[in-house]
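S.K.: everything below, folded, please.
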Amino acid sequence: MKCPICEGPATLIEPEKPDQKAVHCDRCGEYRVSAEAADTLPKLTPHRRLQALRYAETLAPPGRRPFVAGLG
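M.R.: All right, here's what the predicted structure looks like:
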């Protein structure tokens, strides 16, 4: 599959919840994406996608995957 953030090669991993995707990318790391964000990310510029991931990383509790949620 293609990474929703950098568009490089990525793999889906087991998500924590059924309405999310969990992604492993060698460049971006492991993170979770909501269904809404998965629809919105392709419409954003590469810079905005990376900003969304970096923001999710700042909010993630220690030991948890960052969660990219709604991007309205």
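S.K.: now do the SS call for the closest residue to C6 other than its chain neighbours.
M.R.: Leaving aside its sequence neighbours, C6 sits nearest to R27 (Cβ to Cβ, 6 or more residues apart in numbering; 5.0 Å). (C-beta placed from N, C-alpha, C; glycine too.) When classified by DSSP: H, G, I helix; E, B strand; the rest coil, R27 comes out as coil.
S.K.: tell me the contacts of R27?
M.R.: Neighbour list for R27: C3, C6, G8 [criterion: Cβ atoms under 8 Å, 6 or more residues apart in numbering].
S.K.: any of these buried? List them.
M.R.: The neighbour-count test (16 or more other Cβ atoms under 10 Å) marks C3, C6 as buried among the contacts of R27.
S.K.: nearest to P61 among the contacts of R27?
M.R.: C3 (22.8 Å; Cβ to Cβ).
S.K.: from what I see, the closest one and A10 are in contact.
M.R.: Yes - taking Cβ atoms under 8 Å as the definition, C3 is a contact partner of A10 at 3.8 Å.
S.K.: what touches both of those two?
M.R.: V23, C25, C28.
S.K.: all strands of this structure, in order?
M.R.: All strands of the chain, identified by DSSP state E, fall at 10-13, 20-25, 29-34, 67-68.
S.K.: in the third one, what counts as buried?
M.R.: Buried residues in strand 29-34, defined by neighbour count with 16+ other Cβ under 10 Å: Y31, R32, V33, S34.
S.K.: what's the answer for the second one, then?
M.R.: Of the residues in strand 20-25, those buried under the neighbour-count criterion (16+ other Cβ under 10 Å) are Q20, K21, A22, V23, C25.
S.K.: and the residue nearest to the first one when sequence neighbours are not counted, what are its bridge partners?
M.R.: Right, Q20. Nearest non-adjacent residue to Q20, counting by Cβ to Cβ, 6+ apart: R32, 4.9 Å away. Legend: beta-bridge partners of R32 under DSSP bridges are A22, F67.
S.K.: isn't R32 right up against L59?
M.R.: No - in this structure, R32 is not within contact of L59 by Cβ under 8 Å, at 11.8 Å.
S.K.: residue farthest from the centroid of the protein?
M.R.: P62 (16.7 Å; Cα atoms, centre = their mean).
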